[in-house]
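Chemist: based on what follows, work out the 3D shape:
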Amino acid sequence: MRRPWALPGAVCRVMLLLSLAGLTVAYYLGRWLMSGGTGGTDRLQVPASMCGKTVIVTGANSGIGRATAAGLARLQARVIMACRDLAAAEEAAREIRRQERGDAGASGEVVVRHLDLASLSSVRSFCRQILEEEQRLDVLINNAGVFQCPYMKTEEGFEMQFGVNHLGHFLLTNLLLDLLKRSAPSRVVVVSSKLYKYGEINFDDLNSEKSYDKSFGYSRSKLANILFTRELAKRLDGTGVTANVLHPGIVRTNLGRHISIPLFGQPIFKLLSWAFFKTPEQGAETSLYLATSPEVERVSGKYFGDCKQEELLPKAVDDAVSKKLWVESSKMVGLNSPL
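Modeler: Numbering: from 1, shown residues only. Predicted coordinates for the structure are as follows:
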């Protein structure tokens, strides 16, 4: 005999179907929201080809950088993968070449060059090699970064996140500016993060020698990326070189390798990241858009997310702070004649 509180079987089946339908809708809605809802850059105005153009992508051996390099190769660009881990970079380059050969149509040239942004001597050596070997540079994509690592220092003694994410790219960009100007119209694209909102620029402790918090350190370096890009755009006005900055959203990459997740929570985290985080290809969309699209050919000094311009908090558009950060960064990297 059925219990008086038991539901009929048909009602249970309907409720189960509705629950499954609700979970399915939530899943796809979540993925759409996390991926920006743009539908991909194929719906945006991008060139049919980047043939004849040279692009440098830092940190191109994995994650967003690798997806960016693959997208540029698909557009027939000459892609220079600037990476610290040469073995991983060569493997990524081989995979990109294999993938592009398997697709219809021509693909670009993919080459690997060594660049360790935690070493200013490596940055200078890389730039010397580029200036000796390359006749032009159409796009520089400052993509590489470290995320919330324990306190450690670069080769020159700078706090690692500030040193790699900001100072290394600051020196790299300045040393390649003459080549970018000779190649104009050309572009600088800087990958930042929405987490800039939690950062502050403390000129009394830029190197985190008085205190260090890995989350704050990352946010500060990403705020520095934005301030640097806006100041760079002003200094490049009239040269034919544009500079824009972006946030890629939350992406499934190995950037979070320094984050400790309890063993029992790892399967859940992996499931959630698969369900709701962007893929590296989705995360690379805005980088590719800013590097290639004619829609932003004359746009400079702006902040983008999901291939759309976004507003910044007041602290990220403080001209006095951006100018002072430029001056202090120049001193820290030993740039005698900055732009």
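Chemist: from the chain's centroid, how far away is the host helix or strand of Ile141?
Modeler: Using DSSP states H and E, Ile141 maps to strand 139-142. Here strand 139-142 is found 10 Å from its chain centre; the criterion is C-alpha atoms, centre = their mean, to the nearest Å.
Chemist: measure Ala60 to Ala67 for me?
Modeler: Separation of Ala60 from Ala67 (C-beta to C-beta, to the nearest Å): 9 Å. For the C-beta atoms, the positions are set from N, CA and C on the backbone; glycine is no exception.
Chemist: now list whatever residues contact both of those two.
Modeler: Common neighbours of Ala60 and Ala67 are not found (criterion: C-beta atoms under 8 Å, 6 or more residues apart in numbering).
Chemist: so the two - more neighbours on which side?
Modeler: Each of Ala60 and Ala67 has its neighbours counted (other C-beta atoms under 10 Å); Ala60 has more, 33 against 26.
Chemist: touching stretch 286-297 from outside, list them.
Modeler: Contacts with stretch 286-297, where a contact means C-beta under 8 Å, 6+ apart, come from 41, 44-47, 50, 55, 64, 68, 71-72, 75, 139, 141, 143, 185, 187, 189, 191, 242, 244, 246-248, 304-307.
Chemist: restricted to strands, list the residues you listed.
Modeler: Among the contacts of stretch 286-297, the members found in strands (DSSP state E) are 55, 139, 141, 187, 189, 191, 242, 244, 246-247, 304-305.
Chemist: and the helices in the chain?
Modeler: Secondary structure of the chain by DSSP state H: the helices cover 9-34, 63-74, 86-102, 120-133, 160-161, 169-182, 214-235, 266-276, 280-283, 285-292, 319-333.
Chemist: so which of those helices comes closest to Val299?
Modeler: helix 285-292 (8.4 Å; C-beta to C-beta).
Chemist: spatially central residue in this structure, please.
Modeler: Nearest residue to the geometric centre of the chain (C-alpha atoms, centre = their mean): Val191, 3.5 Å.
Chemist: and that one, bridged to which residues?
Modeler: Beta-bridge pairing for Val191 (DSSP bridges): Leu246.
Chemist: OK, contacts around it?
Modeler: Going by C-beta under 8 Å, 6+ apart, Val191 touches 64, 141-143, 145, 225, 245-248, 287.
Chemist: compare those residues and tell me which is most surrounded.
Modeler: Using other C-beta under 10 Å as the neighbour test, the contacts of Val191 are led by Ile64, with 31 neighbours.
Chemist: ok, and the closest non-adjacent residue to that residue?
Modeler: Leaving aside its chain neighbours, Ile64 sits nearest to Gly283 (4.5 Å; criterion: C-beta to C-beta, 6 or more residues apart in numbering).
Chemist: test my guess that the one you found contacts Gly65.
Modeler: No: taking C-beta atoms under 8 Å as the definition, Gly283 is not a contact partner of Gly65, at 9.8 Å.
Chemist: more neighbours, those two?
Modeler: Gly65 (28 against 25).
Chemist: confidence score at that one?
Modeler: pLDDT, the model's per-residue confidence, is 97 for Gly65.
Chemist: ok, now how distant is it from Arg113?
Modeler: Gly65 is 13 Å from Arg113, where distance means C-beta to C-beta.
Chemist: Asn202 too?
Modeler: The gap separating Asn202 from Arg113 is 34 Å, by C-beta to C-beta.
Chemist: the more surrounded of these two?
Modeler: More crowded of Asn202 and Arg113, by other C-beta under 10 Å: Arg113, with 18 against 12.
Chemist: that one: what's it in contact with?
Modeler: Residues near Arg113 by C-beta under 8 Å, 6+ apart: 80-83, 126, 129-130.
Chemist: for Leu137, same thing?
Modeler: By C-beta under 8 Å, 6+ apart, Leu137 lies in contact with 54-56, 130, 176, 179-180, 183, 186.
Chemist: how about a cut-off of 10 Å?
Modeler: By C-beta atoms under 10 Å, 6 or more residues apart in numbering, the residues touching Leu137 are 53-56, 78, 80, 130-131, 176-183, 186-188, 241.
Chemist: kindly report the same for Leu167.
Modeler: Leu167 makes contact with 117-118, 120, 123, 154, 156, 158-159, 206-207, 221, 224, 228, 329, 332-333, according to C-beta under 10 Å, 6+ apart.
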